[in-house]
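A.B. asks: Everything below, folded, please.
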Amino acid sequence: MAECQGAARPATGDETAGARLARLTQREREVLVGLVEGGTNKSIGKKLGISPRTVELHRAQVMNRLDASSLTELLQVALAAGISPSAVKSRPRA
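C.D. replies: Numbering: from 1, shown residues only. A predicted model of the protein is given here:
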C-alpha cells in the first residue's frame, strides 16, 4: 500500500481543470467555447440558435460548475484544460 501511495502522483492543474470541465453538459461546453472565442451572449446565441438570455443562463451555470467567480477565472480554467482560441478555431468542424 505504501508503494502505491508513493507512486501515485498528485493531480496537476491541467487534470483538475479537465475534471472540472467534465462536469459540463454539451450545451454548456458550447457556450464556454463561444466565450473562449471572445463571443458576446448575443453572438453565441445566434451561432447556437438560442436566445441571448438562454446563453446568460448557461454561462452562469458554467461559472457555477467550474467554481469561477469571474470571466477571467473561467477563461483560465478553460485554458488550463486545453481549450484556447487557436485550438477552437483550428479544430475541424463535424
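A.B. asks: Now do the helix ranked longest in the chain: everything it contacts.
C.D. replies: Secondary structure of the chain per DSSP state H: the longest helix is helix 52-65. Helix 52-65 is contacted by residues 20, 23-24, 27-28, 31-32, 34-35, 40-42, 44-45, 48, 68-69, 74 when judged by C-beta atoms under 8 Å, 6 or more residues apart in numbering. Any C-beta I mention is one placed from the backbone N, CA and C, and that applies to glycine too.
A.B. asks: which residues touch G18?
C.D. replies: G18 sits next to A81, G82 when contact means C-beta under 8 Å, 6+ apart.
A.B. asks: Phi and psi next, for it.
C.D. replies: When read as degrees, to the nearest 10, the backbone of G18 gives phi -60, psi -40.
A.B. asks: Please report how far it lies from L32.
C.D. replies: Distance, G18 to L32, by C-beta to C-beta, to the nearest Å: 13 Å.
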